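The following comprises the amino acid sequence and a computationally predicted model.
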Amino acid sequence: MFEMKPKRKANLTIQDIGDETIVYDPERENVHVLNQTAQLIWNLCDGEHTMDEIHKFLIEQFPSISQNDLLVDLQSTLNEFKEKNIIL
């Protein structure tokens, strides 16, 4: 599971607005708003970074948050991305 390399789905329209990212899926005509943490994860869903590498990045960015809490947040965010069909 930690070697999984999540990748953003093609053909999405992405717009950064302040601390949020707007993701539009024209195929499903859905709009998704990503908060700052989800945005960091989203930007690393490039098919190159493993889940473990993304987790390590989050640990560096948020040293005051426990590694376990960050892992839970990462898994939850990736599951949500999958449910919304915006990552492969």
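Okay, I see it. Computed from a predicted structure; not experimentally measured. Residues are numbered from 1 along each chain as shown.

Pull out the buried positions in stretch 75-88.
77, 78, 81, 86, 87 (16 or more other Cβ atoms under 10 Å). The C-beta positions use only the backbone N, C-alpha and C, and glycine is treated the same way.

residues contacting the nearest residue to the last one once chain neighbours are set aside?
Nearest residue to residue 87, sequence neighbours excluded (Cβ to Cβ, 6 or more residues apart in numbering): residue 81, at 4.3 Å. When the contact criterion is Cβ atoms under 8 Å, 6 or more residues apart in numbering, the partners of residue 81 are 6, 41, 42, 45, 87.

do residue 67 as well
55, 59.

Count the residues that sit near residue 47.
Neighbour count for residue 47, taken as other Cβ atoms under 10 Å: 10.

so what pLDDT did it get?
Looking at residue 47, its pLDDT stands at 97.

got a markdown table for the buried residues of stretch 75-88, with secondary structure too?
Below are those laid out as a markdown table (DSSP: H, G, I helix; E, B strand; the rest coil):
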| residue | secondary structure |
| --- | --- |
| 77 | helix |
| 78 | helix |
| 81 | helix |
| 86 | coil |
| 87 | strand |
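
Need those in JSON lines (columns: pLDDT and distance to residue 30).
Shown next, in JSON lines, are the buried residues of stretch 75-88 (pLDDT from 0 to 100; distance: Cβ to Cβ, whole Å):
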{"residue": "77", "pLDDT": "97", "distance to residue 30": "17"}
{"residue": "78", "pLDDT": "97", "distance to residue 30": "18"}
{"residue": "81", "pLDDT": "97", "distance to residue 30": "12"}
{"residue": "86", "pLDDT": "97", "distance to residue 30": "8"}
{"residue": "87", "pLDDT": "96", "distance to residue 30": "14"}
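
For residue 70, see how far away the residue lying farthest from the centre of the chain is.
In the chain, residue 64 marks the outermost C-alpha relative to the chain mean, sitting 20.2 Å out by Cα atoms, centre = their mean. Per Cβ to Cβ, to the nearest Å, residue 64 is found 10 Å from residue 70.

Just the element for residue 72, please.
Assigned by DSSP states H and E, residue 72 falls within helix 67-83.
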